[in-house]
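Novice: prediction below, plus the sequence it came from.
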Amino acid sequence: MTLYKRGKTWWVEYQIDKKRYRQSTHTQKYNVAKAWASQIETAKKMPTFEEAVAVLKMFYNKPVEGLLPIDSTFDVYLDLAKATGKTAISADTMTRRRNTIKRLLNWLHKERPTVKTIEGVTGPIAAGFATHLVGLKLKTKTRINIIADLTTVWKLLENASTGVRNPWSSLRPVDVDGEVGKAFTHADEKRVMEAAMSVGKDWPGVCTLMRHTGLRYGDVARLTWNDIDGDVLRIRPIKTKRHNIIVTIPIIKPIRDLIETIKKTGDYLFPFHAEMYGKTSPAARKLLNFREVLTAAGLDKAGYTIHSWRHTAATRLAETGASIETRKALLGHRVDTTAERYDHDEHLDAKRAALERASTAS
């Protein structure tokens, strides 16, 4: 007995007396289609044709509401993803979705203990969780990612029960320009590099690559020797993988000097960072956390994060007059507004020159 999709409708394929049959279930709901398969299997076991027909009549068109336990959310999602062929996503993404669901379940058990089923996650419940995320003072981007993951999961869960409705789509936070990150000043950049040297754990190499390429930490942490193509790096950034964006970065002297000092011990340039990337447990964060470098530099209260290196790289490019198209190509930005938000240079010399030219214009 096999369930498969034609377009948006589930079909069932089965075999009786070595003859193959295909039958539309006339539904887009996975649990209803599964009920079709179950009733056919039951009918096949009946000793007479009349009894088989009676079984089919008993269940035909009977809606199967079902109650899916809230603690089974990820398992149900994973089963549906496998059934519909939607598992072609990275392991990191699947881990993040598992952790997102776990975050939701922890909140439900504590704040909404009466919600026992997936069907019970209604609009007001979802809105309450979204408000809870705001109360945690998470960055807007983090909340956007959490709600986006829940939207994706619930969109698939709608196929599991006629009682499931996706309550997350309208709760996506607005991305505000106020949360654009922060670039290191020239003086602070030097302090961070010195701190990275004292902390070790491959942080000097990671910081050097981020500073001179503008790559995100995840892409540097999982950078492989195969990404080095002669005198360039060819990267398909994790974050924009769905857009099939390939970033090509020329290997300049600071990067070349770094690569020459790294001893090749496996697929990754920084094996420890590659192993730890994506792990969010307290033990993992204590073992490898950029906050340790910032603390050693005396900048842990200054609003900087590991992503500040990406902002710093973009700002240094802008300071030296690199065009916005060049900056977009190097950092993998798709639109001008994003590239502009990563430029923290005030461009005072250019502004002064423009004002002086304007003051003498006749």
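Specialist: Okay, I see it. Numbering: from 1, shown residues only.

Novice: what's the nearest residue to residue 97 if we skip its chain neighbours?
Specialist: Spatially, and ignoring its direct neighbours in sequence, residue 97 is nearest to residue 149 (4.9 Å; Cβ to Cβ, 6 or more residues apart in numbering). Any C-beta I mention is one placed from the backbone N, CA and C, and that applies to glycine too.

Novice: nope, residue 284 is what I meant
Specialist: Nearest to residue 284 is residue 276, by Cβ to Cβ, 6+ apart, at 5.8 Å.

Novice: so which strand or helix has residue 233?
Specialist: strand 232-235 (DSSP states H and E).

Novice: which secondary structure elements does that strand sit against?
Specialist: Secondary-structure packing of strand 232-235 (3 or more Cβ pairs under 8 Å, 6 or more residues apart in numbering; DSSP states H and E): strand 247-250.

Novice: quick check: mean pLDDT of the next helix or strand after the strand it packs on?
Specialist: Of the helices and strands lying after strand 247-250 in sequence (DSSP H and E), the nearest is helix 253-261. The average pLDDT for helix 253-261 rounds to 93.

Novice: quick one: buried residues of helix 253-261?
Specialist: 255, 258-259 (16 or more other Cβ atoms under 10 Å).

Novice: got the residues you listed as CSV, with distance to residue 172 columns?
Specialist: Shown next, in CSV, are these (distance: Cβ to Cβ, whole Å):
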residue, distance to residue 172
255, 37
258, 39
259, 40
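
Novice: from those residues, which is closest to residue 224?
Specialist: For residue 224, the nearest member of the buried residues of helix 253-261 is residue 259. The distance, counting by Cβ to Cβ, is 12.3 Å.

Novice: ok, the closest one - contacts?
Specialist: By Cβ atoms under 8 Å, 6 or more residues apart in numbering, the residues touching residue 259 are 228, 251, 269.

Novice: run through who's touching the strand holding residue 233.
Specialist: 213, 215, 219, 223, 227, 246-251, 255.

Novice: which two of the residues you listed have the greatest separation?
Specialist: Going by Cβ to Cβ, the pair spanning the contacts of strand 232-235 furthest: 246 and 255, at 17.8 Å.

Novice: still on that earlier bit, flag every buried residue along the strand holding residue 233.
Specialist: 233, 235.

Novice: number of nearby residues for the closest residue to residue 10 other than its chain neighbours?
Specialist: Nearest residue to residue 10, sequence neighbours excluded (Cβ to Cβ, 6+ apart): residue 33, at 3.4 Å. Neighbourhood size, residue 33 [other Cβ atoms under 10 Å]: 24.

Novice: tell me which element residue 33 is part of?
Specialist: helix 30-44.

Novice: report the contact partners of the residue nearest to residue 10.
Specialist: Counting by Cβ under 8 Å, 6+ apart, the residues that residue 33 touches are 3, 10-12, 25, 27.

Novice: quick one: name whatever helix or strand follows the lowest-mean-pLDDT helix or strand in the chain.
Specialist: Of the helices and strands making up the chain, the lowest-confidence element is helix 49-59, at a mean of 68, by mean pLDDT, DSSP states H and E. Sequence order places helix 73-83 as the next helix or strand after helix 49-59, per DSSP H and E.

Novice: which other helices and strands contact the helix or strand following that following helix?
Specialist: Proceeding N to C from helix 73-83, the next assigned helix or strand is helix 91-111, under DSSP H and E. When contacts are defined as 3+ Cβ pairs under 8 Å, 6+ apart, helix 91-111 packs onto helix 73-83, helix 123-135, helix 140-157.

Novice: list the buried residues of helix 91-111.
Specialist: 96-101, 103-104, 107-108.

Novice: format those residues as JSON lines; extra columns: distance to residue 296.
Specialist: Putting the buried residues of helix 91-111 into JSON lines (distance: Cβ to Cβ, whole Å) gives the following:
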{"residue": "96", "distance to residue 296": "29"}
{"residue": "97", "distance to residue 296": "34"}
{"residue": "98", "distance to residue 296": "33"}
{"residue": "99", "distance to residue 296": "28"}
{"residue": "100", "distance to residue 296": "32"}
{"residue": "101", "distance to residue 296": "36"}
{"residue": "103", "distance to residue 296": "30"}
{"residue": "104", "distance to residue 296": "36"}
{"residue": "107", "distance to residue 296": "35"}
{"residue": "108", "distance to residue 296": "39"}
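
Novice: where does confidence bottom out across these?
Specialist: Of all the buried residues of helix 91-111, residue 96 carries the smallest pLDDT score, 89.

Novice: from residue 299, how far off is the residue nearest to it when sequence neighbours are not counted?
Specialist: Distances taken as Cβ to Cβ, 6+ apart place residue 149 nearest to residue 96, at 6.5 Å, with adjacent residues excluded. Residue 149 sits 31 Å away from residue 299, going by Cβ to Cβ, to the nearest Å.

Novice: and residue 171, by the same measure?
Specialist: 34 Å.

Novice: can you list the domain ranges for this protein.
Specialist: Here the chain is described, according to automatic domain parsing, as comprising the domains 2-59, 70-171, 186-349.

Novice: quickly, which of the ones you listed bottoms out on average pLDDT?
Specialist: domain 2-59 (a mean of 75).

Novice: just the helices in the stretch 201-350 of the chain please.
Specialist: 203-213, 217-221, 253-261, 271-276, 282-287, 291-296, 308-319, 324-331, 336-341, 348-359 (DSSP state H, counting those that start in this stretch).

Novice: may I see the ones you listed organised as CSV, with distance to residue 122 added?
Specialist: Shown next, in CSV, are these (distance: least, Cβ to Cβ, whole Å):
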stretch, distance to residue 122
helix 203-213, 43
helix 217-221, 35
helix 253-261, 52
helix 271-276, 38
helix 282-287, 33
helix 291-296, 38
helix 308-319, 39
helix 324-331, 41
helix 336-341, 35
helix 348-359, 53
